[in-house]
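> Here you go, sequence then predicted model.
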Amino acid sequence: QVQLVESGGGLVQAGGSLRLSCAASGRTFSTYDMDWFSSYDMGWFRTAPGKEREFVASISWSGDSTYYADSVKGRFTISRDNAKNTVYLQMNGLKPEDTAIYLCDAEHIITKEDYWGQGTQVTVSS
């Protein structure tokens, strides 16, 4: 089991910035499992009232590969710190249309087991 807890959301004016964090925790059976977090690709999604869940960004288990939705490319940056079991989403140049609940997702690179956090609200005022 993997537990994901998002934080960093809030209310910001258009053009402002926020940094979201997603802290992951899970069972470790031995010292060989201490790097379990690096077995997961991580992603950020968002959902807004009346809209379907939308992909925002993802990062590979090693951090070598990142992917972004066209709507956030050039404004958002995803990163991860495997030593801290945490993934981040730096959001700059926020727009009112970025208003949504942002959710963190973890997908095991082999088994494809998938976990979701509860989300953090981001509200951008015009």
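Arrived safely, thanks for sending.

> The residue nearest the centre of the chain bridge partners, please.
Closest residue to the average C-alpha location of the chain: residue 44 at 3.4 Å, with C-alpha atoms, centre = their mean. Taking DSSP bridges as the rule, residue 44 bridges to residue 57, residue 104.

> What pLDDT is listed against it?
On the pLDDT scale, residue 44 is placed at 98.

> ok, it - contacts?
By C-beta atoms under 8 Å, 6 or more residues apart in numbering, the contact list for residue 44 reads 20, 22, 56-58, 78, 87, 89, 102-105. For glycine as for every other residue, the C-beta is placed from the backbone atoms N, C-alpha and C.

> Who wins on neighbours among the residues you listed?
In terms of neighbours by other C-beta atoms under 10 Å, these top out with residue 87 at 30 neighbours.

> which stretch of helix or strand covers it?
Following DSSP states H and E, one finds residue 87 within strand 86-91.

> Residues contacting that strand, please?
17-24, 42, 44, 56-57, 59, 72, 75-81, 98, 102, 104, 122.

> Redo the contacts of residue 44 as a markdown table? Include distance to residue 9 and pLDDT.
Listed next are the contacts of residue 44 as a markdown table, based on distance: C-beta to C-beta, whole Å; pLDDT from 0 to 100:
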| residue | distance to residue 9 | pLDDT |
| --- | --- | --- |
| 20 | 6 | 98 |
| 22 | 11 | 97 |
| 56 | 13 | 98 |
| 57 | 15 | 98 |
| 58 | 19 | 98 |
| 78 | 16 | 98 |
| 87 | 15 | 96 |
| 89 | 10 | 98 |
| 102 | 6 | 98 |
| 103 | 11 | 98 |
| 104 | 11 | 97 |
| 105 | 16 | 97 |
